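[1] fold the following for me, if possible:
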Amino acid sequence: MPVHLQREIERLKKDILALCAIVEEQVQNAVQALLERDVDLAKNVEGRDEEIDRREVEVEEECLKILALHQPVAIDLRFIVSALKINNDLERIGDLAVNVAKKAVSFAAESPMEIAFDIAGMWRKTQSMLRDSIDALVNLNSSLAADVCARDDEVDRIKREIRVGIEEQIRREPDKVRPLLRLLAVSRNLERIADCATNIAEDVIYMAEGRIVRHNKLDF
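    Predicted coordinates for the structure are as follows:
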């Protein structure tokens, strides 16, 4: 790999890692704001969304510049193409964090109620998927990426359990339908974040092996 191209790719990796750290913190803060009814923290999440959008544009421009100036081939080309897609997924996670933060603000405005659903546990599993997908990217670890993809079913299972629990509580306590539906929306957003982490992991497998696996889940 030419020295200049190697330097640009290493810089790109650092920029993607920085963006990942921000979006991970955003979701963490959004979920914390919900659980602790912290409106200020939720609004801080909403306020940082512009920074994520700006960084996403910068990473995209960097990818396009590398393509134009260095015309990479083979694994380097796959890395840049995958980086463009991963960059988009990270920006989407940032948007989903804002969605959770908005639900946190609305939830805090309701009468206090116990959250009898494993929202925090769902986020911990989702957070682990996101971290490992980025670690797989940095190290081109297709085995770790495949493991991330396999864990998506567990997040889906928790989301279904939360949905069933919320539906049952709505039947018992119809006066709490609004805050319960907001919790359901949060679980949906967390599921979508896990889906984005899975997308990233699938792109890592393509990058490392040249294999497109998104339509062949059983191949993991």
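[2] okay, CA-based contacts and neighbour counts for the rest of this
    Fine.
[3] just name whatever secondary elements the worst-scoring helix or strand of the chain on mean pLDDT is in contact with.
    None of the helices or strands of the chain scores lower by mean pLDDT, DSSP states H and E than helix 119-139, at a mean of 90. Applying 3 or more CA pairs under 8 Å, 6 or more residues apart in numbering; DSSP states H and E, one finds that helix 119-139 makes contact with helix 3-36, helix 142-172, helix 177-209.
[4] got the contact list for that helix?
    Outside helix 119-139, the residues that touch it by CA atoms under 8 Å, 6 or more residues apart in numbering are 13, 17, 20, 24, 28, 31, 141-142, 144-145, 148, 151, 155, 158-159, 187, 190-191, 193-194, 197-198, 200-201, 204.
[5] equivalent analysis for stretch 170-189, please.
    Stretch 170-189 is contacted by residues 96-97, 99-100, 103, 106-107, 110, 119, 122, 159, 162-163, 166 when judged by CA under 8 Å, 6+ apart.
[6] where in this protein is pLDDT low?
    1, 215-220 (pLDDT under 70).
[7] may I see the PyMOL selection of the buried members of the contacts of stretch 170-189?
    Remark: buried members of the contacts of stretch 170-189, expressed as a PyMOL selection using 16 or more other CA atoms under 10 Å:
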select buried, resi 96+97+99+100+103+106+107+119+122+159+162+163+166
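[8] how far away is Leu90 from Ser133?
    Separation of Leu90 from Ser133 (CA to CA, to the nearest Å): 11 Å.
[9] cool, and His4?
    26 Å.
[10] have a look at these two and say which one is more surrounded.
    Ser133 (29 against 10; other CA atoms under 10 Å).
[11] please identify the most buried of the helices and strands packed on helix 119-139.
    Of all the helices and strands packed on helix 119-139, helix 177-209 has the most neighbours on average by mean count of other CA atoms under 10 Å, namely a mean of 23.
[12] thought Leu19 was touching Val57?
    No: counting by CA atoms under 8 Å, Leu19 stays clear of Val57, with 11.1 Å between them.
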